[in-house]
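> sequence first, predicted model second:
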There are 2 protein chains.
Amino acid sequence: MADIGTHQAESALAGIVGAGHLLAGDAIGADYAHDEALSSEPVKPAYVARPETAEQVAQLLKTASEHRIPVTARGSGSGMSGAARPRPGGLLISFERMAAILEIDTENHVAVVQPGVTLEDLDGELAKHGLVYPVYPGELSASIGGNVGTNAGGMRAIKYGVTRNHVLGLEAALPTGELIRTGGKFVKASTGYDLTQLIIGSEGTLAVVTEAVLKVQPRMPYQGTVLAPFVDLDEVARAVPKVVGSGIGPLILEYIDGLTMGAITYRAQLQLGIPDEVRETSHAYLVVQLENRNADRLDEDIAEVGELLSGLGAKDVYVLEGSAANKLIDAREKAFWAAKEAGADDIIDTVIPRASLPQFMERVRQIAQENNTFVVGCGHAGDGNVHLAVLQKDNEVRDRVLHGLFEAGISLGGAISGEHGIGRKHTERFLALTDPAKVDLMRRIKTAFDPAGVLNPGVLFD
Amino acid sequence: MADIGTHQAESALAGIVGAGHLLAGDAIGADYAHDEALSSEPVKPAYVARPETAEQVAQLLKTASEHRIPVTARGSGSGMSGAARPRPGGLLISFERMAAILEIDTENHVAVVQPGVTLEDLDGELAKHGLVYPVYPGELSASIGGNVGTNAGGMRAIKYGVTRNHVLGLEAALPTGELIRTGGKFVKASTGYDLTQLIIGSEGTLAVVTEAVLKVQPRMPYQGTVLAPFVDLDEVARAVPKVVGSGIGPLILEYIDGLTMGAITYRAQLQLGIPDEVRETSHAYLVVQLENRNADRLDEDIAEVGELLSGLGAKDVYVLEGSAANKLIDAREKAFWAAKEAGADDIIDTVIPRASLPQFMERVRQIAQENNTFVVGCGHAGDGNVHLAVLQKDNEVRDRVLHGLFEAGISLGGAISGEHGIGRKHTERFLALTDPAKVDLMRRIKTAFDPAGVLNPGVLFD
């Protein structure tokens, strides 16, 4: 009976996408079995489907609901929390054949894209029109579908916000088999519940996105970067609100601790020309990047930020020229890879009110020490989004450390993840640390979308 | 039995807020019976409760759910679609006693407020700190709670977005009696479903907001305004993407048609110094307001916008000095009152992709002509949000006109309302014109929050 059911399901799925685009068994490549979540075992799904149209996606979901097959959607597989890691026996929907930029609309300033489009491809196309999609999670191979799933953020969130601030509308397939359109080519609506916003960040548990309408902006031609070493993080945290309050509107406002700075500059073979005596007494760095449509205004703003930071205790202020600046930002983006190479067993990205950064880092130090664990990091200082690499091989101890770090963030008014998502990795801790009334409500919302419970089970709920 | 039930309910409600703050019968003033939706009959509720704490609100909802009493939340009653109009036999929760600004946090750049706080009070307090809450729906007596309920927008949405882009977190009472906290003093999170965004714009049908965490910005000291008459709306619509694409970042980008310009300037006794020969041949005006933290940069930008508009067909360009500019913006904000005085029977605010403005207005002209109805308007040209006054006394004809206008907007990829909401006024048309799969999904979401169906019945769903 089970075999017949399985066979029926397989033919139904193959009938939808064509036999050549439904993979099973050994035909499923190793890449489909994981994303970039550390310390997670790869899991091969029963099937990988590569649909070509939204209608096919909707049909896949309907069939999966009928046969109670768990479904996981996958973009580029660059997620950090395991939300794209398939279930054994499940169906993985992969979007390599739905990766077209459908429209760059310069009148309405929107781009309409399929979920498999990468940030890099989109940026290349928009650049030709003098436009930019300003969400910048760092990993340019990431797909828009994945970005929507996790509500990706990145370094430019201080100026431009995150994915949810730039997605104006969606086409999405519901597990019940319907295709719906939400929002549109407009920045505001008050016409029923905002399903666009609800689906963004739901990590593939409510619906599967088949198209996105993205808000795009004029591309600013001039950028400049200031690097300022400080004695410690407290001073960085005190400087941040002053930079924001100045009205200068920084594009990037990052802090990097001394150790991480050493690691990423060494890895990138980057010489920043900071004298030894400054480097040895600087335990925290602030990176401020500005942009402008006018070169003179940029220079004025750079000078103003420099003066401001000097007055706020910076030990020196370095204005980085084009290539050094790009290399530093690039190296910062690759901090994940540096941490991975250094043997990090986990990366987390707790978010807290930014003024609580020193208190949070003090708790981090305590938790690390109590558990004999090495924790090091950098973060989006303007956003209070702290990225920490945790080096601890023992699973039990590491679990205790992560639980402690999340608990510390939440007790300061924060949340478990600023941009990586909960995924399979943190679901258990999310359920343990979240108000049960909210979890119950979310569960009821999940059921409203997905009565059969097939969409990404094990993510957000057990 | 019904009487005993009613009596029990009344004592339970009075027990929660205190007898002095539960009004019934003649003690209920006329103001509680309506909002600013035109052509709507006032409705007196059975009770008005004036809670003082979030816990009281949660208890009121729990009691209402138990006794199946419909509940409507009311801020300042300045809504345009009847979402704050109570139900006969229902409970109106009014927030005059929950109108405190709880915190202006200059480190995290947030304000924490109770729902009854007005935009005017908040602005006055923020100004002292050099900060601004930039959402500007025009009616400054409106409350934050009401703004959250309708996802209020306004003229500055082109630069700053709408309410949902500035609310970082909420405390809200659920109809099941729990108080939950969503989001927080941070701009990004990827930690479960975004309940903040789901509650915003839900018009009091999912939860009742008891506190809001608002993102605030540095207040720009310099503003300047350019007024440009054009031959017709097509030319205005062609100019708008160029202004946006320039990267100048306008604060306001409004179009006003010739008739409305005549009405609002006459009403405000405002002399703009436009020569008769220009006025007589200009059927559409574009208003561009800019802001800057630097007076010289503002002047340069104003000059640049002026040149840009001249090159795009403006018949002239008027740089309005402080008081004339403020008066014009103020007059534009009061266009609703001008329309009301002129005998408008309805005001709608359909949103469309902004490039479709000329096509939409052509359909508006046709529908108006076919139905012998006078339709006149202005709108947020940068957002495609068109405010139209409909003058037609016959209810049946007016219904047909509204249905036609909404249908025209939706067929161009738009939505019924950009910022006024659906309310009681447009629920029937919303249900008729929205994809049934989406309506069903929204209904299931509604039930997930409000199993007893007590929150604002008749709004969004019948």
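Structure's in. What do you need?
> what residues does stretch A:286-294 touch?
Surrounding stretch A:286-294, the residues in contact under the criterion CB atoms under 8 Å, 6 or more residues apart in numbering or on different chains are A:155, A:218, A:220-228, A:230, A:236, A:239-240, A:243, A:248-256, A:298, A:301-302, A:305, A:309, A:314, A:325, A:328-329, A:332, A:381, B:246-248. C-beta coordinates here come from the backbone N, C-alpha and C atoms, glycine included.
> state the pLDDT value of A:G5.
Per-residue pLDDT puts A:G5 at 68.
> residue contacts, A:R424?
The neighbours of A:R424, taking CB under 8 Å, 6+ apart as the test, are A:37, A:40, A:81-83, A:85, A:458-459.
> quick revisit: from the contacts of stretch A:286-294, which land in strands?
Within those, residues falling in strands by DSSP state E are A:218, A:222-228, A:230, A:252-256.
> turn the residues you listed into JSON lines, columns for pLDDT.
As requested, those are exported to JSON lines (pLDDT from 0 to 100):
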{"residue": "A:P218", "pLDDT": "97"}
{"residue": "A:Y222", "pLDDT": "95"}
{"residue": "A:Q223", "pLDDT": "94"}
{"residue": "A:G224", "pLDDT": "94"}
{"residue": "A:T225", "pLDDT": "95"}
{"residue": "A:V226", "pLDDT": "95"}
{"residue": "A:L227", "pLDDT": "95"}
{"residue": "A:A228", "pLDDT": "96"}
{"residue": "A:F230", "pLDDT": "96"}
{"residue": "A:I252", "pLDDT": "94"}
{"residue": "A:L253", "pLDDT": "94"}
{"residue": "A:E254", "pLDDT": "92"}
{"residue": "A:Y255", "pLDDT": "90"}
{"residue": "A:I256", "pLDDT": "89"}
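> give me the mean pLDDT for stretch A:179-190.
Regarding stretch A:179-190, the rounded mean pLDDT is 96.
> starting at the chain centroid, how far to it?
Chain-centre distance of stretch A:179-190: 23 Å, with CA atoms, centre = their mean, to the nearest Å.
> A:E107 reaches B:A239, doesn't it?
No: the pair A:E107 and B:A239 fails to qualify as a contact (CB atoms under 8 Å) at a distance of 11.2 Å.
> re earlier: which of the contacts of A:R424 are buried?
When the contacts of A:R424 are checked for burial by 16 or more other CB atoms under 10 Å in any protein chain shown, the buried set is A:37, A:40, A:81-83, A:85, A:458-459.
> flag every buried residue along stretch A:53-68.
Going by 16+ other CB under 10 Å, stretch A:53-68 has these buried residues: A:54, A:56-65, A:67.
> can I get the buried part of the contacts of stretch A:286-294 as one PyMOL selection?
When burial is assessed using 16+ other CB under 10 Å, the buried subset of the contacts of stretch A:286-294 is captured in PyMOL by this command:
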select buried, (chain A and resi 155+218+220+222+223+224+225+226+227+228+230+236+239+240+243+248+249+250+251+252+253+254+255+256+298+301+302+305+309+314+325+328+329+332+381) or (chain B and resi 247+248)
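> before we move on, the earlier item: let's have the buried ones among the contacts of A:R424 in TSV, adding secondary structure and distance to B:L412.
TSV is the format used below for the buried ones among the contacts of A:R424 (DSSP: H, G, I helix; E, B strand; the rest coil; distance: CB to CB, whole Å):
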residue	secondary structure	distance to B:L412
A:A37	coil	43
A:S40	coil	46
A:S81	coil	39
A:G82	coil	41
A:A83	coil	36
A:R85	coil	41
A:G458	coil	42
A:V459	coil	37
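> among these, show me the least confident.
Confidence by pLDDT is poorest for A:S40 among the buried ones among the contacts of A:R424, given 88.
> how about that one, nearest residue that isn't a chain neighbour?
The shortest distance from A:S40 to any non-neighbouring residue, by CB to CB, 6 or more residues apart in numbering or on different chains, is to A:G82 (5.2 Å).
> got it, and A:A437?
When the adjacent residues along the chain are set aside, A:A437 lies closest to B:E178, with 4.0 Å between them (CB to CB, 6+ apart).
> for the most centrally placed residue in chain A, what is the enclosing helix or strand?
Central residue check for chain A by CA atoms, centre = their mean: the C-alpha nearest the mean position is that of A:A152, 3.3 Å away. Assessed by DSSP states H and E, A:A152 sits outside every helix and strand.
> now do the same contact list for it.
A:A152 is in contact with A:135, A:137, A:142, A:146, A:162-163, A:419, B:190, counting by CB under 8 Å, 6+ apart.
> what's the answer for A:I416, then?
A:348, A:350, A:406, A:409-410, A:422, A:426, A:429-430, A:433, B:191.
> can you tell me which residues in the stretch 301-450 of chain A are near chain B?
Neighbours of chain B within the stretch 301-450 of chain A, by CB under 8 Å from any CB of the partner chain: A:351-355, A:383-385, A:413-422, A:430, A:434-435, A:437-439, A:441-442, A:444-445, A:447-449.
> just the buried ones among those residues, please.
Buried members of these, counted by 16+ other CB under 10 Å: A:351-355, A:383-385, A:413-422, A:430, A:434, A:438-439, A:441-442, A:445, A:448-449.
> what about the residues you listed, which are in helices?
A:430, A:438-439, A:441-442, A:445, A:448-449 (DSSP state H).
> hang on, isn't A:L126 packed against A:E120?
No: using CB under 8 Å, A:L126 and A:E120 do not qualify as a contacting pair, with a distance of 11.0 Å.
> can you report phi and psi for A:Q289?
Here the main-chain torsion angles of A:Q289 (degrees, to the nearest 10) amount to phi -110, psi 140.
> that one: how many residues sit nearby?
Look at A:Q289: counted by other CB atoms under 10 Å in any protein chain shown, it has 24 neighbours.
> what's the closest of the buried ones among the contacts of A:R424 to B:A173?
Nearest to B:A173 among those, counting by CB to CB, is A:V459 at 28.6 Å.
> can you tell me how far the closest one is from B:S190?
Taking CB to CB, to the nearest Å as the measure, A:V459 falls 12 Å from B:S190.
> now swap in A:L286 and tell me
In this view, A:L286 and B:S190 are 24 Å apart by CB to CB.
> pull up the overlap in contacts between A:V459 and B:S190.
When CB under 8 Å, 6+ apart defines a contact, the residues bordering A:V459 and B:S190 alike are A:203, A:422.
> more neighbours: A:L286 and B:S190, which one.
When A:L286 is set against B:S190 and neighbours are counted by other CB under 10 Å, the residue ahead is B:S190, at 31 against 27.
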